[in-house]
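*Asks:* let's see this in three dimensions:
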Amino acid sequence: MPTVAQSSTETDWVSRFADDVIADSERRAPGKPVVVASGLSPSGPIHLGNLREVMTPHLVADEIRRRGYEVRHLISWDDYDRFRKVPKGIAGVDDSWAEHIGRPLTSVPAPEGSPYATWAEHFKAAMEASLAELGVEYDGISQTEQYTSGVYREQVLHAMKHRGDIDAILAQYRTKKAPPKKGQKPVDEAELEAAEGSGAAAEDDGTSSAGYFPYKPYCGGCNKDLTTVTAYDDETTELTYRCSACGFSETVRLKEFNRGKLVWKVDWPMRWAYEGVIFEPSGVDHSSPGSSFQVGGQIVGIFGGEQPIGPMYAFVGISGMAKMSSSRGGVPTPADALKIMEAPLLRWLYARRRPNQSFKIAFDQEIQRLYDEWDKLESKVADGSALPADTAAHSRAARTAAGELPRTPRPLPYRTLASVVDITAGHDEQTVRILSDLDPANPLSSLDEVRPRLDRAENWISTQVPAEARTVVRSEPDAELLGSLDGEGRESLRLLLEGLDSHWSLDGLTTLVYGVPKVMAGLAPDAKPTPELKTAQRSFFALLYRLLVSRETGPRLPTLLLAVGADRVRKLLAP
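*Replies:* You can find the predicted model right below:
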């Protein structure tokens, strides 16, 4: 088996955590698989903030696998959490959904029209599909199955037996409030939602007027957790509870009872000990003083375990979220992101930033710049000029220990593909023609060469670009504007039209549209730009846009000209 001395020479954050996790695993459980963990609550759409809960341990686990170790990445589906609220836009306006608040997520019906039986399965399925596309290898654990099958029975009885010790730990924090951090940046509601972890994070800790009990039954009458334990006998394990929702009360033997769970601040450290977790990150909602991660670090000892290595991860923001459909409420999900970007790009956004660094995922025009940055990195990696940490992040994005992720065979610039599908409205034959004209010496044989990137760009145009920002090419010349041109304007258009045939490629048209103002100024086509020349170029570009698309701006002119086609360009620009 590899040793820590063989650790990677890469200087990225993933490698450093992998070193620490391997060393800790060999100290705690030598010879056993390394265990990392994530927890997700399918209480609603599992969004891009939650994805960091998975990607952080996934990237570390994948690095450890690359070094030859056996690793288990556990994803605990917190589907035995209570249904806390009806998410905006999910269940419509029917108030009857509120009647399920307090029941386990696996006992709540799925949203209307879903093919799944329960609320939990509906939202879990969407995330499972995204994780598969992202190449995340994991072992899923349903907490409903764990609790209702009695897997945790000994742990539950142990917690109840040591409830006084647990209560003493929690008492240290009940009256403490975390001081505000100096200079802490305020966050908006969407960012807070994106940082929120398990749906159980806000549960009470088990305190009641009858004493402290770290276990909460689901009611035998209404199946809600609005219950209070009123008595417990350690010898017989007889537990009595009553429900404030329906008035039901009963006495059960806890050693035979499986309809309930430990409160969150006890449940989480119990799982650390039970599973032998070495690494599990936590969001800001779990990491403040007195929060579940800090308190869990003391409670885990009661179960004979140790607290995992647990970095706090920062917010994942959204760029262009205002353009997202607001019908559902909340922030975009991994599935939303994977409709407009390929899996390696989304993985890269999580891999290139340390967990405690916040970043944004673009749904607006910024996605074009991100793709340009990714393509530039790919080129640098290919020629060996990329920095080691950047090379490592690229490797983690493009492949896993199991192999390469699917990629576009011929990755043309995303902004170019977006411009073309914007203009052609997805017409395949026109798209092939235009993309082939980008490089006439190496034309496309099929659109499959530029897929799936082409499909992602088409989805972005159709779902994220407002109708008023879409490109509509004029059907007839703007006679009024053409008639108002002076001699200089007409001459610049003549020069452009005269050069179309000899410059009909992306590079050639780029040279042409930038060169016309130079020639008009008496300069050579390859002259270096001056401030005056740049002003003239901007004026010329604005004129072309107005004549072609009736706006001052639009897609890059060389791409636009190729998309419109030489004959139609001549029709629209002929003075």
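*Asks:* tell me the helix or strand right after the helix or strand of the chain with the lowest mean pLDDT.
*Replies:* For the chain, using mean pLDDT, DSSP states H and E, the weakest element among its helices and strands is helix 189-195, scoring a mean of 44. As assigned by DSSP states H and E, the chain's next helix or strand after helix 189-195 is strand 207-208.
*Asks:* which residues touch the next helix or strand after that following strand?
*Replies:* From strand 207-208 onward toward the C-terminus, using DSSP H and E, the following helix or strand is strand 211-212. Surrounding strand 211-212, the residues in contact under the criterion Cβ atoms under 8 Å, 6 or more residues apart in numbering are 163, 164, 166, 167, 170, 206. All C-beta atoms are positioned from the backbone trio N, CA, C, and that covers glycine.
*Asks:* try stretch 21-34
*Replies:* Judged by Cβ under 8 Å, 6+ apart, the contacts made with stretch 21-34 from elsewhere in the structure are 4, 7, 35-36, 60-61, 64, 67, 69-72, 276, 278-279, 306, 309.
*Asks:* again, 6 Å this time
*Replies:* With Cβ atoms under 6 Å, 6 or more residues apart in numbering as the contact definition, stretch 21-34 has outside contacts at 4, 64, 69, 70, 71, 72, 276, 278, 279.
*Asks:* residue 534 versus the residue located most distally from the centre of the chain, what's the distance?
*Replies:* Largest separation from the mean C-alpha position in the chain: residue 487, at 54.1 Å (Cα atoms, centre = their mean). Between residue 487 and residue 534 the computed distance is 22 Å (Cβ to Cβ, to the nearest Å).
*Asks:* with residue 319 instead?
*Replies:* Per Cβ to Cβ, residue 319 is found 28 Å from residue 534.
*Asks:* now do residue 468
*Replies:* Residue 468 sits at a distance of 28 Å from residue 534 (criterion: Cβ to Cβ).
*Asks:* neighbour count for those two, which is higher?
*Replies:* Counting neighbours by other Cβ atoms under 10 Å for residue 468 and for residue 534 shows that residue 534 has the greater number, 12 against 6.
*Asks:* distance between the helix or strand hosting the more buried one and the chain's centre?
*Replies:* Residue 534 belongs to helix 531-549 when assigned by DSSP H and E. Relative to the mean C-alpha coordinate of its chain, helix 531-549 is positioned 39 Å out (Cα atoms, centre = their mean, to the nearest Å).
*Asks:* give me the helices and strands touching that helix, please.
*Replies:* For helix 531-549, the elements it packs on are helix 506-520, helix 566-573, judged by 3 or more Cβ pairs under 6 Å, 6 or more residues apart in numbering; DSSP states H and E.
*Asks:* if we use 8 Å, what do you get?
*Replies:* Judged by 3 or more Cβ pairs under 8 Å, 6 or more residues apart in numbering; DSSP states H and E, the packing partners of helix 531-549 are helix 479-484, helix 487-499, helix 506-520, helix 557-564, helix 566-573.
*Asks:* ranking the ones you listed by burial, who's on top?
*Replies:* Burial among the helices and strands packed on helix 531-549, expressed as mean neighbours by mean count of other Cβ atoms under 10 Å, is greatest for helix 557-564, which shows a mean of 24.
*Asks:* hmm, who's touching it?
*Replies:* Outside helix 557-564, the residues within contact range by Cβ under 8 Å, 6+ apart are 416, 419-420, 423-424, 430, 434, 437-438, 471, 473, 500, 504, 506, 509-510, 512-513, 541, 544-545, 548-549, 554-555, 569, 572.
*Asks:* at 7 Å what do you get?
*Replies:* Residues lying outside helix 557-564 but in contact with it, judged by Cβ atoms under 7 Å, 6 or more residues apart in numbering, are 416, 419-420, 423-424, 434, 437-438, 473, 506, 509-510, 513, 541, 544, 548, 554, 569.
*Asks:* same question for stretch 494-513.
*Replies:* For stretch 494-513, using Cβ under 7 Å, 6+ apart, the contacting residues are 437-440, 516, 519, 525, 557-559, 561-562, 566, 569-570, 573-575.
*Asks:* could you pull out the helices in the stretch 351-500 of the chain for me?
*Replies:* Secondary structure of the stretch 351-500 of the chain by DSSP state H, counting those that start in this stretch: the helices cover 366-383, 388-398, 414-424, 428-438, 453-464, 479-484, 487-499.
*Asks:* can you list contacts of stretch 139-150?
*Replies:* When contacts are taken as Cβ under 7 Å, 6+ apart, the neighbours of stretch 139-150 outside the stretch itself are 72-80, 104, 106, 152, 258-259, 261.
*Asks:* now the end-to-end length of that stretch.
*Replies:* With Cα to Cα, to the nearest Å as the measure, the first residue of stretch 139-150 is 19 Å from its last.
*Asks:* centre of the chain to it, how far?
*Replies:* 26 Å.
*Asks:* element containing residue 528?
*Replies:* Per DSSP H and E, residue 528 falls between elements, in no helix or strand.
*Asks:* who touches it in this structure?
*Replies:* If a contact means Cβ under 7 Å, 6+ apart, then residue 528 has no contacts.
*Asks:* what's the closest non-adjacent residue to residue 313?
*Replies:* Distances taken as Cβ to Cβ, 6 or more residues apart in numbering place residue 355 nearest to residue 313, at 4.1 Å, with adjacent residues excluded.
*Asks:* the one you found is in contact with residue 281, isn't it?
*Replies:* Yes - contact criterion Cβ atoms under 7 Å: residue 355 and residue 281 qualify, at 5.9 Å.
*Asks:* who has more neighbours, those two?
*Replies:* When residue 355 is set against residue 281 and neighbours are counted by other Cβ under 10 Å, the residue ahead is residue 281, at 27 against 23.
*Asks:* surely the more buried one and residue 56 touch.
*Replies:* Yes - here residue 281 lies in contact with residue 56, judged by Cβ under 7 Å, at a distance of 4.5 Å.
*Asks:* now do the shared contacts for the two.
*Replies:* In the contact map built from Cβ under 7 Å, 6+ apart, the residues linked to both residue 281 and residue 56 are 313, 355.
*Asks:* from residue 339, how far out is residue 425?
*Replies:* When Cβ to Cβ is the yardstick, residue 425 and residue 339 sit 18 Å from each other.
*Asks:* neighbour count winner among these two?
*Replies:* Per other Cβ under 10 Å, whichever of residue 425 and residue 339 has more neighbours is residue 339, with 17 against 14.
*Asks:* okay, the closest residue to that one other than its chain neighbours: pLDDT?
*Replies:* Nearest non-adjacent residue to residue 339, counting by Cβ to Cβ, 6+ apart: residue 459, 4.6 Å away. Predicted confidence (pLDDT) for residue 459: 95.
*Asks:* would you confirm that residue 459 contacts residue 340?
*Replies:* Yes - taking contacts as Cβ under 7 Å, residue 459 lies within contact range of residue 340: 5.2 Å.
*Asks:* neighbour count: those two, which is higher?
*Replies:* Between residue 459 and residue 340, counting by other Cβ under 10 Å, residue 340 is the more crowded of the two (25 against 18).
*Asks:* what's near enough to touch the residue lying closest to that one once chain neighbours are set aside?
*Replies:* Counting by Cβ to Cβ, 6+ apart, residue 340 lies nearest to residue 460, which is 4.1 Å off, once chain neighbours are set aside. Contacts of residue 460 were listed using Cβ under 7 Å, 6+ apart, and they are 340, 367, 418.
*Asks:* okay if I get these as TSV plus distance to residue 135?
*Replies:* As requested, the contacts of residue 460 are arranged in TSV below (distance: Cβ to Cβ, whole Å):
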residue	distance to residue 135
340	18
367	21
418	25
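*Asks:* state the pLDDT value of the closest residue to residue 98 other than its chain neighbours.
*Replies:* Spatial nearest neighbour of residue 98, excluding adjacent residues (Cβ to Cβ, 6+ apart): residue 86 at 6.1 Å. Here the pLDDT value assigned to residue 86 is 83.
*Asks:* over to the one 4 residues further on?
*Replies:* What the model reports as pLDDT for residue 90 is 62.
*Asks:* mind checking how far the residue nearest to residue 340 is from residue 423?
*Replies:* Distance from residue 460 to residue 423, by Cβ to Cβ: 14 Å.
*Asks:* one more: residue 87?
*Replies:* For residue 87, the distance to residue 423 equals 38 Å [Cβ to Cβ].
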